[in-house]
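>>> build the 3D model from these lines:
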Amino acid sequence: MTYREALKYLDSFVNFEKSDGYNYKISFKLDRMKRLAALCGDPQRSVRSIHIAGSKGKGSTASYVQSILSAAGFKTGLYTSPHLVSFRERIRIGTELISEEDLSRILAKIKETIASEMKDEEPTFFEVYTAIAYLYFKEKNVDFAVYEVGLGGRLDATNIIEPIACAITPISYEHTDKLGDTLGEIAAQKCGIIKTGSICVSAPQEEEALKIIEKVCEEKGVRLFVVGKDILFNEVRSDDREEVFNVVGLSGEYPLLTSSLIGSHQMINASVAVGVVEALKLKGITIPADAVSSGIENTRWEGRLEIINRMPFIVLDGAQNRESAKTLVAAIKKVFKYKRLILVFGASKDKDIRGMLEEMMPMCDSIILTKSKMLNRALEPAKIEAQILNMKHSIKDMVLTGSTEEALGRALSMARPEDLVLITGSLFIVGEVKEYYQRCVKRV
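As a prediction, this is how the structure comes out:
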């Protein structure tokens, strides 16, 4: 199987990342993932794992954890979703993405297994890709594998692992049609990753969500550590190049930690990661303080307040619900100095578009509406415009475009060197803009 053939084969599976209107509880089946993994020899059981769930910051947190463990000398895998430009981004060891050859070779084996053993019920795209990660990390004999939950937690394909530690990043309203209408219901889905024998570290949470986390940990006999209570942090300084902060952890103090992931919210993500690696001491694994420091400093995570151009600033961020939009607005106002802000916005049909725009519109001078090539879920710009016209904050300068390439072109033609272009609303929008920018623009 060539890499091109591998991509075509992957595209043949049902992909809920690109689809809408499905029933979460019916379409997501752990038994199907367990069956596929068992047919592959249950490779996930051969690797010590760490599991990360939450509404915001789980990818950044997972990346921090992996980077710290790598700095400590451990061969550490990372599995995340979705990707921005290449499928290969989802599976990596250290800083190296899975190769085209390895991905294609492992997928060819899985294809044989599915053809001979699962004709009655094919797995989904995400289940197949998760199986690739399980097999790859076992084959490469990693010391640890860090898994980011795809959707929810309880029914996610990653949730057949037995992690030695897990983390719950900030929980907010998201996917309410699938996960529940209340923070408690959403938290219950996220807490599905908490397993007996594990350790749990939580970000600061709303009281409703924290009560569920505490209840599940108590029921399963799992020790819980909470940032803001057991793990403390404070900011030293923040600008458009780095975040500098102090953390007082479970067993050590880490002064002047420096992260290239900007925004005050990254202190929370990093503090959760510090708590996770410190908690490993309860499992007989000690992580040196210098590994924590260098791991935080070396963490890279694209598409989250990522600056791809200066003069004008072009900033990419995957905010896709109201709470993450609120966090994004606070970070933009705090970190950047600019004259005008031009918002390039597109989102999926199932997102809280009104909520996101209500947070972002007050700081915008112009809005360019667009859509991703992910046609099944992408909301037409005209429908986003209709929502904006019914909102309190009116924008005189609003442009509708048919593609992210057109949207970026319009933004660059409008922007002066002292302005800021913010591209957000969906990681799919961010990924398409990033790929097009790297391929065709790259001004600075």
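>>> show me how far the one helix or strand M267 maps to is from its chain's centre.
In this assignment (DSSP states H and E), M267 forms part of helix 265-279. Chain-centre distance of helix 265-279: 15 Å, with CA atoms, centre = their mean, to the nearest Å.
>>> any idea which helix or strand comes after that helix?
Following helix 265-279 in sequence order, the next helix or strand is helix 289-298 (DSSP H and E).
>>> which helices and strands does the helix or strand just after that following helix pack with?
Next helix or strand after helix 289-298 toward the C-terminus (DSSP H and E): strand 306-309. Judged by 3 or more CB pairs under 8 Å, 6 or more residues apart in numbering; DSSP states H and E, strand 306-309 is in contact with strand 313-316. Any C-beta I mention is one placed from the backbone N, CA and C, and that applies to glycine too.
>>> give the buried residues for the strand it packs on.
313-316 (16 or more other CB atoms under 10 Å).
>>> from the residues you listed, which single one is nearest G184?
L316 (32.6 Å; CB to CB).
>>> beta partners of that closest one?
E306, I423 (DSSP bridges).
>>> list the contacts of it.
L316 is in contact with 302-306, 308, 423-424, 430, 433-434, counting by CB atoms under 8 Å, 6 or more residues apart in numbering.
>>> can you pull the pLDDT of the residue positioned nearest the centre of the chain?
The centre of the chain sits closest to G59, judged by CA atoms, centre = their mean, with a distance of 3.5 Å. If you check G59, the pLDDT there is 97.
>>> same deal with D181?
For D181, the predicted pLDDT is 89.
>>> low pLDDT regions in this structure?
Applying pLDDT under 70 to the chain flags residues 20-27, 375, 442-444.
>>> domain parsing of it, as residue ranges.
Under the assignment automatic domain parsing, the domains of the chain span 3-298, 306-441.
>>> how about I168: what's its closest non-neighbour residue?
S202 (4.6 Å; CB to CB, 6 or more residues apart in numbering).
>>> and the residue nearest to V14 when sequence neighbours are not counted, how far is that from P82?
Leaving aside its chain neighbours, V14 sits nearest to T124 (4.9 Å; criterion: CB to CB, 6+ apart). Using CB to CB, to the nearest Å, we find T124 at a distance of 14 Å from P82.
>>> these two touch, right, R92 and L78?
Yes. Counting by CB atoms under 8 Å, R92 touches L78, with 5.1 Å between them.
>>> more neighbours: those two, which one.
L78 (30 against 19; other CB atoms under 10 Å).
>>> same for the strand or helix carrying the more buried one, what does it pack against?
Applying DSSP H and E as the criterion places L78 in strand 76-79. When contacts are defined as 3+ CB pairs under 8 Å, 6+ apart, strand 76-79 packs onto helix 58-71, strand 91-93, helix 125-139, strand 144-148.
>>> between those, which gets nearest to K178?
Between the helices and strands packed on strand 76-79, helix 125-139 lies closest to K178; by CB to CB that is 14.0 Å.
>>> for that closest one, list every residue counted as buried.
So for helix 125-139, counting by 16+ other CB under 10 Å, buried means 125-138.
>>> make JSON lines from the residues you listed and add distance to V272 to it.
As requested, the buried residues of helix 125-139 are exported to JSON lines (distance: CB to CB, whole Å):
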{"residue": "F125", "distance to V272": "29"}
{"residue": "F126", "distance to V272": "24"}
{"residue": "E127", "distance to V272": "27"}
{"residue": "V128", "distance to V272": "29"}
{"residue": "Y129", "distance to V272": "25"}
{"residue": "T130", "distance to V272": "23"}
{"residue": "A131", "distance to V272": "27"}
{"residue": "I132", "distance to V272": "27"}
{"residue": "A133", "distance to V272": "22"}
{"residue": "Y134", "distance to V272": "24"}
{"residue": "L135", "distance to V272": "28"}
{"residue": "Y136", "distance to V272": "26"}
{"residue": "F137", "distance to V272": "22"}
{"residue": "K138", "distance to V272": "27"}
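>>> what's the local residue count around the residue lying closest to V201 once chain neighbours are set aside?
Nearest non-adjacent residue to V201, counting by CB to CB, 6+ apart: G275, 3.9 Å away. G275 has 26 neighbours, counted by other CB under 10 Å.
>>> returning to that earlier point: put the buried members of the contacts of L316 into a PyMOL selection.
If you want just the buried ones from the contacts of L316 in PyMOL, going by 16+ other CB under 10 Å, the selection is:
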select buried, resi 302+303+304+305+306+308+423+424+430+433+434
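>>> on that earlier part again, ok, the residue nearest to I168 - contacts?
167-168, 210, 213, 224-227, 272.
>>> can I get the buried part of those residues as one ChimeraX selection?
Per 16+ other CB under 10 Å, the buried members of the contacts of S202 correspond to this ChimeraX selection:
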select :167,168,210,213,224,225,226,227,272
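>>> secondary structure and distance to R241 added to the contacts of S202, as JSON lines?
Output for those, formatted as JSON lines (DSSP: H, G, I helix; E, B strand; the rest coil; distance: CB to CB, whole Å):
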{"residue": "A167", "secondary structure": "strand", "distance to R241": "27"}
{"residue": "I168", "secondary structure": "strand", "distance to R241": "30"}
{"residue": "L210", "secondary structure": "helix", "distance to R241": "34"}
{"residue": "I213", "secondary structure": "helix", "distance to R241": "34"}
{"residue": "L224", "secondary structure": "strand", "distance to R241": "35"}
{"residue": "F225", "secondary structure": "strand", "distance to R241": "31"}
{"residue": "V226", "secondary structure": "strand", "distance to R241": "30"}
{"residue": "V227", "secondary structure": "strand", "distance to R241": "24"}
{"residue": "V272", "secondary structure": "helix", "distance to R241": "23"}
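>>> any chance of the contacts of S202 in a markdown table with distance to S63 as columns?
Putting these into a markdown table (distance: CB to CB, whole Å) gives the following:
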| residue | distance to S63 |
| --- | --- |
| A167 | 12 |
| I168 | 16 |
| L210 | 24 |
| I213 | 22 |
| L224 | 23 |
| F225 | 20 |
| V226 | 21 |
| V227 | 17 |
| V272 | 12 |
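>>> which one of the contacts of S202 is nearest to P381?
When the contacts of S202 are compared for distance to P381 (CB to CB), I168 wins out at 35.0 Å.
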